[in-house]
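Trainee: build me a structure from this.
(4 chains)
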4 protein chains.
Amino acid sequence: MLYKKFMSDQKIITDALIKFRNERDWEQFHNSKDLSLAIMLEAAELNEIFLWKNAEETENVNTEKLKEELADIFAFAFLLAEKHKLDVKDIVLEKIRRNSLKYPIGKAKGTAKKYNEL
Amino acid sequence: MLYKKFMSDQKIITDALIKFRNERDWEQFHNSKDLSLAIMLEAAELNEIFLWKNAEETENVNTEKLKEELADIFAFAFLLAEKHKLDVKDIVLEKIRRNSLKYPIGKAKGTAKKYNEL
Amino acid sequence: MLYKKFMSDQKIITDALIKFRNERDWEQFHNSKDLSLAIMLEAAELNEIFLWKNAEETENVNTEKLKEELADIFAFAFLLAEKHKLDVKDIVLEKIRRNSLKYPIGKAKGTAKKYNEL
Amino acid sequence: MLYKKFMSDQKIITDALIKFRNERDWEQFHNSKDLSLAIMLEAAELNEIFLWKNAEETENVNTEKLKEELADIFAFAFLLAEKHKLDVKDIVLEKIRRNSLKYPIGKAKGTAKKYNEL
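Mentor: Okay, here's the model as predicted:
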């Protein structure tokens, strides 16, 4: 489908997710509360890869599993974005702008402290 | 920046995230284990919106907060994808293909059961 | 062991957990960060029981699974308490006292709002 | 209250939690799904203490915060146990017995692998 080159990533991903969902008649389960819970449970499966491991070891983890769990997180996150008609690029760029104010370079550089502790 | 129209969403988002991160010298904290933990903690903040609420009420939630928490999840998820050189569109479409096999329409239609209970 | 009747629950549970852990030489993995992560991952498994289900349906869930996941949460929570020499009864009763101030009956009765929204 | 010496920890903690809950008329919100979600959200707040920190640094964390978050986890976990009439000591000791079979000392000693990878 040549024209897909001109569709945004979000549109392509969301269309595929909606098609998969509708073929299975799963929209009935996908309220915002459960979609949010699904994101968190997939995030837990991602984190399971790193449990009991030093952060340094973690760059050698099983990438195949990481890829699958990250894909699941993205899938439910895109479905929730679609439900609330959110443009992912817009909301992330907007959040970066806000965080630039909360974490000014002069204060935040090189420290992992939260903005309310800077 | 006119040429950005031809950049993928993922490239635009990731470039902005990396710029924000590098200006603050935060790459040192962003190992895969902590990025994954960050995704989960942001997912928890998203879920907090829905705690003690019926799923039905949840469509009237504070969208501003939902937008911010979802943006945080996407931000850390894109950073983790970048770290592992993953194309988000590719991994989600690939996961949909796998899930099509785990959840064949005939068996999965209309039920929220897990694939190993179908 | 008759004398166990006079030991606190926490002591009995913790002793059994430490014995199990030490026989497997697992103390090396049980730093506070990973114990906390383990609590969260077990909490995710507990929550998986309820995903895509209405809250009303949830009282008919598989109690056997709930029992196992809740036991896992308690196990890691008691291990973390032991690591920091915390008396579980004391810290919970103390937290109830604090919450009584944050959530005065007159304001908090019948509402699920957070203390900063009361 | 001298007689409390003869009550189990779980009974004392649960009685205090139920009293606090009932005075605020909060039982209506405490279905099993939301209690489980509450446990996970408190676990996330516990984990936030350790985000972006090496596991080695984590033994010097703010114990006051750790104590509060762990108390919250225990509080909701005891409420869920009460709802399902579970004896915490029994379910944890039973889980240790099961785990002894899943993780035999000979195979599990010194390794953090999951039972299905041993």
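Trainee: and the pLDDT for the residue nearest the centre of chain A?
Mentor: Geometric centre of chain A, nearest residue: residue A:74, 4.4 Å, by C-alpha atoms, centre = their mean. The model reports residue A:74 with a pLDDT of 98.
Trainee: wait, residue A:70 sits on residue B:78?
Mentor: No: between residue A:70 and residue B:78 there is no contact under C-beta atoms under 8 Å: 9.9 Å. The way it works is simple: take the backbone N, C-alpha and C, and place the C-beta from them, glycine included.
Trainee: and those two? Which one has more around it.
Mentor: Shown here are residue A:70 and residue B:78; by other C-beta atoms under 10 Å in any protein chain shown, residue A:70 has more neighbours (27 against 23).
Trainee: the top helix by length along chain A vs chain D: in contact?
Mentor: With DSSP state H setting the assignment, residue counts place helix A:63-83 as the longest helix in chain A. No: using C-beta under 8 Å from any C-beta of the partner chain, helix A:63-83 stays clear of chain D, coming no nearer than 11.8 Å.
Trainee: and that helix with helix B:63-83, angle?
Mentor: Put simply, helix A:63-83 runs at 150 degrees to helix B:63-83, going by axes from the mean of the first three to the mean of the last three C-alpha atoms, to 10 degrees.
Trainee: what residue of chain A is the furthest out?
Mentor: Residue farthest from the centre of chain A, counting by C-alpha atoms, centre = their mean, is residue A:106 at 28.6 Å.
Trainee: just the CA trace of the strand or helix carrying it, in CSV.
Mentor: Using DSSP states H and E, the element containing residue A:106 is helix A:105-108. Extracted in CSV, the C-alpha atoms of helix A:105-108 (Å, rounded to 0.1, in the frame of the first residue of the first chain):
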residue,chain,number,x,y,z
ILE,A,105,19.1,23.0,32.9
GLY,A,106,21.0,25.0,35.4
LYS,A,107,19.4,23.2,38.3
ALA,A,108,18.8,19.8,36.9
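Trainee: and the contacts of that helix?
Mentor: A:115, A:118, B:23, B:24, B:26 (C-beta atoms under 8 Å, 6 or more residues apart in numbering or on different chains).
Trainee: pLDDT below threshold where in chain A?
Mentor: Low-confidence segments of chain A (pLDDT under 70): A:1-6.
Trainee: got the residues of it near chain C?
Mentor: A:29, A:34, A:37-38, A:40-41, A:44-45, A:47-48, A:50-52.
Trainee: what parts of chain A come near chain D?
Mentor: Contacts of chain A with chain D, taken as C-beta under 8 Å from any C-beta, map to A:37, A:40, A:51, A:52, A:53, A:54, A:55, A:112.
Trainee: make it 7 Å
Mentor: Residues of chain A lying close to chain D (C-beta under 7 Å from any C-beta of the partner chain) are A:40, A:52, A:54, A:55, A:112.
Trainee: Three-state assignment for the spatially closest residue to the second one that is not a sequence neighbour, please.
Mentor: The spatially closest residue to residue A:52, leaving aside those adjacent along the chain, is residue D:112, at 3.7 Å (C-beta to C-beta, 6 or more residues apart in numbering or on different chains). Assigned state for residue D:112: coil (three-state reduction, DSSP: H, G, I helix; E, B strand; the rest coil).
Trainee: quick check: residue D:112 touching residue C:27?
Mentor: No: between residue D:112 and residue C:27 there is no contact under C-beta atoms under 7 Å: 11.5 Å.
Trainee: so residue A:58 makes contact with residue B:32?
Mentor: Yes: between residue A:58 and residue B:32 there is a contact at 4.5 Å, judged by C-beta under 7 Å.
Trainee: shared neighbours, the two?
Mentor: Here residue A:58 and residue B:32 share the contacting residues residue A:50, scored by C-beta atoms under 7 Å, 6 or more residues apart in numbering or on different chains.
Trainee: between the two, who's got more neighbours?
Mentor: Legend: neighbour count by other C-beta under 10 Å for residue A:58 and residue B:32, higher for residue B:32 (23 against 17).
Trainee: helix or strand for the closest residue in space to residue A:80 that isn't next to it in sequence, which one?
Mentor: Sequence neighbours aside, residue A:35 is the residue nearest to residue A:80 in space, at 4.5 Å (criterion: C-beta to C-beta, 6+ apart). Residue A:35 is part of helix A:32-48 when elements are defined by DSSP H and E.
Trainee: what helices and strands are in contact with that helix?
Mentor: helix A:63-83, helix B:32-48, helix C:32-48 (3 or more C-beta pairs under 7 Å, 6 or more residues apart in numbering or on different chains; DSSP states H and E).
Trainee: one more time with 8 Å
Mentor: helix A:63-83, helix B:32-48, helix B:63-83, helix C:32-48 (3 or more C-beta pairs under 8 Å, 6 or more residues apart in numbering or on different chains; DSSP states H and E).
Trainee: export the ones you listed to JSON lines and append columns for distance to residue D:90.
Mentor: Formatted as JSON lines, these follow (distance: least, C-beta to C-beta, whole Å):
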{"stretch": "helix A:63-83", "distance to residue D:90": "34"}
{"stretch": "helix B:32-48", "distance to residue D:90": "30"}
{"stretch": "helix B:63-83", "distance to residue D:90": "38"}
{"stretch": "helix C:32-48", "distance to residue D:90": "18"}
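Trainee: neighbours of the residue of chain A found nearest chain C, how many?
Mentor: Chain C sits closest to residue A:44 of chain A, with a gap of 3.3 Å, by C-beta to the nearest C-beta. Residue A:44: 26 surrounding residues under other C-beta under 10 Å.
Trainee: with residue A:19 instead?
Mentor: Counted with other C-beta under 10 Å, residue A:19 comes out at 11.
Trainee: check the gap between it and chain D for me.
Mentor: Residue A:19 sits at a distance of 29 Å from chain D (criterion: C-beta to the nearest C-beta, to the nearest Å).
Trainee: do residue A:74 as well
Mentor: In terms of C-beta to the nearest C-beta, residue A:74 sits 20 Å off from chain D.
Trainee: what does residue A:87 give?
Mentor: Taking C-beta to the nearest C-beta, one finds residue A:87 at 27 Å from chain D.
Trainee: need the contact list for that residue.
Mentor: Contacts of residue A:87 by C-beta under 8 Å, 6+ apart are A:10, A:81.
Trainee: pop out the phi and psi values for it.
Mentor: When read as degrees, to the nearest 10, the backbone of residue A:87 gives phi -90, psi 120.
Trainee: which strands and helices sit next to the host helix or strand of residue A:10?
Mentor: For residue A:10, the host element (DSSP H and E) is helix A:9-23. When contacts are defined as 3+ C-beta pairs under 8 Å, 6+ apart, helix A:9-23 sits against helix A:63-83, helix B:9-23, helix B:88-102.
Trainee: buried residues, the longest one. List them.
Mentor: When burial is assessed from 16 or more other C-beta atoms under 10 Å in any protein chain shown, helix A:63-83 yields the following buried residues: A:66-82.
Trainee: can you check stretch A:81-101 too?
Mentor: Neighbour counts over stretch A:81-101 (16+ other C-beta under 10 Å) mark A:81, A:82, A:86, A:88, A:89, A:91, A:92, A:93, A:95, A:96, A:99 as buried.
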